[in-house]
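J.: Build the 3D model from these lines:
(2 chains)
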Amino acid sequence: MDKKLKKTELILEKSLVLFSKKGFYSTTIPDIAKAMDMSVGNLYNYFSSKEELARSVIKYSSDILGAKIRVINEKNIDTKQKIYEIVKLYFTMAVEQPEHLEFFLRVYLSNKEIFKDGCEGMVCVAAFVTELMIFFEKGVRRKELRNQNFFSAFGLFMGYLGGFVFLNGEGILDDKLKNYIDDVSENIYRALKV
Amino acid sequence: MPSLHSKKSIVWIQGITCNGDTHSFFNYPQMKNFAKNFEIIYHPLFITKYDLETILKSKDSYDYLIVEGSFTRVKKYINRRGHSFEEIIDNLSKKAQYIICAGSCASYGGIFMARDIKNISGALYSGEKMEGYWDKNKKVINIPGCPLHPKWLVDTLFALKQNKTVLLDEFLRPKEIYSYFVHHGCLRNEYFEWKIDTKNFGEKEGCLFYEQGCRGPMTHTNCNKILWNEVSSKTRAGSPCLGCTEPDFPRDNIYETKKHMSLPATPAGVSKRAYYSVTGIAKSFKIDRLEKKLI
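T.: Presented below is the predicted three-dimensional model:
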């Protein structure tokens, strides 16, 4: 990989962790530069502002999640199994790589003023949303899912998962997140099936 | 070798047809020039040099057999002065240098095929399958359309007359015409790019692809390049392309865009992943100019 590209990816990775832990406004460019062991001036050679960096982070994170869902989409399994795999992926990431979902829920969705210019609509989360479009379209085409408005189905699926991860983060759940995978998958399937 | 300036002879016959391709052909604006180069020695709808009986009995060959309408071997479906379609086509096709299937019915079976799918077809195709009237016939060129555009037919005839190689696509359509899509030259392309629907038929604004069933991005032909009657096209007039040059024409619910979870079929050759991604991004922006009436 190109050296500058590799460095850029490292900055995104460190920023993702810091933003998701401390929030956008409490994280400073010097904090990120320090975590990178580089000068503040040098960091600005990569990103012109903290806002630009945050917009790049959401694209970076969406690309990673999208690539993981793509792997599931391309498996030769039925829609019910795909729902299970997506739920498992989402909940596993919430535990093992919490920075991705934390950033999405607590930075991206909570600070729209940062993202309104340059991340309109699904511009910065296209990779992730596109994979869910592919998943839903194929499910309907295979007559396994009910044909309905995309956002009705998307909201049910991702709203449910996002809510659950939020509850987990708040320490409200009475069991480990992974122990909800079966029930949550079954509920989503029953709600969306033909 | 005959001179390029000598007239080429055409025999025009009809299978199961509504006469639409003949009517369309008669709207060809440069008919005088056509008549200088070609002679229709038989046509069932107007007085020609020969009648059907004479053409059938003659052993003389001629240049082009134009067939309009669906093919069938069932005698009760077609009786032309005591002759079945099978009798007519088997006789005349052997004496022609080329067989031009004029319109979708002769090419792929068309709308009449729905009446009896086992016994009505195109010359070589039944819809998309090569299960037509003949198993094979190297003389066949398909000029589908419902109806065909007169220029598609005449341009092909002139190319053959000038001994040009007429390259054909997988459904035996001349590539010179059918390599294009109806989408090419559509005045609504900016609305397509930004995913802005039209609100009603006949509107100047909006794209007909998302709600009104337009097949422009997946229908091969050049309607929006050469226009109809030299002035307009379906999409320019605010009506969706019905995909009439494709072997699957006519489809059900032609004025409705079939969608799965709000997601329409993708334009020809574009992957779902690429198209949905671009669509989602384009829809994220509101372009005020395109939301307004043009006038």
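
J.: Angles on the backbone of the residue of chain B found nearest chain A, please.
T.: Per Cβ to the nearest Cβ, B:Ser284 is where chain B lies closest to chain A, at 2.3 Å. From N, CA and C alone the C-beta is placed, and that goes for glycine too. When read as degrees, to the nearest 10, the backbone of B:Ser284 gives phi -70, psi -20.

J.: for the record, mean pLDDT for stretch B:97-108?
T.: The average pLDDT within stretch B:97-108 is 98.

J.: Please read the previous query as pertaining to stretch B:225-232.
T.: On average, stretch B:225-232 scores 96.

J.: swap in stretch A:57-65?
T.: 96.

J.: Give me the buried stretch members for that stretch, please.
T.: A:Val57, A:Ile58, A:Lys59, A:Tyr60, A:Ser61, A:Ser62, A:Ile64, A:Leu65 (16 or more other Cβ atoms under 10 Å in any protein chain shown).

J.: and chain B, which of its residues are near chain A?
T.: Near chain A, the residues belonging to chain B are B:259-263, B:272-273, B:276-277, B:280-281, B:283-285 when assessed by Cβ under 8 Å from any Cβ of the partner chain.

J.: need the strands for the stretch 51-200 of chain B, in chain order.
T.: All strands of the stretch 51-200 of chain B, identified by DSSP state E, counting those that start in this stretch, fall at B:62-68, B:71-72, B:96-102, B:120-121, B:140-143.

J.: Make CSV out of the ones you listed and add mean neighbour count.
T.: Putting the strands of the stretch 51-200 of chain B into CSV (neighbours: other Cβ atoms under 10 Å in any protein chain shown) gives the following:
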stretch, mean neighbour count
strand B:62-68, 24
strand B:71-72, 27
strand B:96-102, 23
strand B:120-121, 27
strand B:140-143, 26
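
J.: need the longest helix for chain A.
T.: In chain A, taking DSSP state H as the definition, the longest helix is helix A:50-73.

J.: isn't B:Thr257 right next to B:Tyr210, touching?
T.: Yes - the criterion here is Cβ atoms under 8 Å, and B:Thr257 meets it with B:Tyr210 at 5.9 Å.

J.: circling back: how confident is the prediction for the residue of chain B closest to chain A, by pLDDT?
T.: 89.

J.: before we move on, back to that, out of the strands of the stretch 51-200 of chain B, nearest to B:Thr245?
T.: strand B:140-143 (8.8 Å; Cβ to Cβ).

J.: Output the contacting helices and strands for that closest one.
T.: With contacts defined as 3 or more Cβ pairs under 8 Å, 6 or more residues apart in numbering or on different chains; DSSP states H and E, strand B:140-143 has these neighbours: strand B:96-102, helix B:104-108, helix B:150-161.

J.: Format the CA atom coordinates belonging to that strand as PDB.
T.: Taking Å, rounded to 0.1, in the frame of the first residue of the first chain, the C-alpha atoms of strand B:140-143 are listed here in PDB:
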ATOM      1  CA  VAL B 140     -33.200 -13.900 -41.300                       C
ATOM      2  CA  ILE B 141     -32.700 -10.300 -40.100                       C
ATOM      3  CA  ASN B 142     -34.900  -9.100 -37.300                       C
ATOM      4  CA  ILE B 143     -36.100  -5.500 -37.200                       C
END
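
J.: Partner strands of that strand, with direction?
T.: Using DSSP bridges, strand B:140-143 pairs in its sheet with strand B:96-102 (parallel).

J.: quick one: the helices in the chain?
T.: Let's take chain A. A:3-22, A:29-36, A:40-43, A:50-73, A:79-96, A:98-102, A:112-115, A:126-141, A:150-169, A:181-192.

J.: think we crossed wires, I meant chain B
T.: B:20-25, B:31-37, B:52-57, B:85-95, B:104-108, B:150-161, B:175-178, B:189-193, B:223-226, B:234-237, B:272-283, B:288-291.

J.: and these, which is most packed in?
T.: Most buried of the helices of chain B, by mean neighbour count (mean count of other Cβ atoms under 10 Å in any protein chain shown): helix B:104-108, with a mean of 31.

J.: Would you list the phi and psi of the residue nearest the centre of chain B?
T.: Nearest to the mean C-alpha position of chain B, counting by Cα atoms, centre = their mean, stands B:Gly145 at 1.8 Å. When read as degrees, to the nearest 10, the backbone of B:Gly145 gives phi 150, psi 150.

J.: Show me what from chain A comes close to chain B.
T.: So chain A meets chain B at A:70, A:120-123, A:126-127, A:129-131, A:133-134, A:136-137, A:139-141, A:145, A:147-151, A:153 (Cβ under 8 Å from any Cβ).

J.: any weak-confidence spans in the chain?
T.: Chain wasn't specified; assuming chain A. Within chain A, the stretches with pLDDT under 70 are A:1.

J.: um, chain B though
T.: For chain B (pLDDT under 70), the answer is B:1-5.

J.: Measure how buried the residue of chain A found nearest chain B is and give me the count.
T.: Nearest residue of chain A to chain B: A:Gly121, at 2.3 Å (Cβ to the nearest Cβ). The number of residues packed near A:Gly121 is 15, by other Cβ atoms under 10 Å in any protein chain shown.

J.: Once you drop chain neighbours, what's closest to it?
T.: In space, A:Gly121 comes closest to B:Ser284 once its chain neighbours are excluded; the distance is 2.3 Å by Cβ to Cβ, 6 or more residues apart in numbering or on different chains.

J.: same question, A:Glu102
T.: In space, and not counting its chain neighbours, A:Glu102 is closest to A:Ser20: 3.7 Å by Cβ to Cβ, 6+ apart.

J.: tell me the contacts of the one you found?
T.: A:Pro98, A:Glu99, A:His100, A:Glu102, A:Phe103, A:Arg106, A:Val107 (Cβ atoms under 8 Å, 6 or more residues apart in numbering or on different chains).
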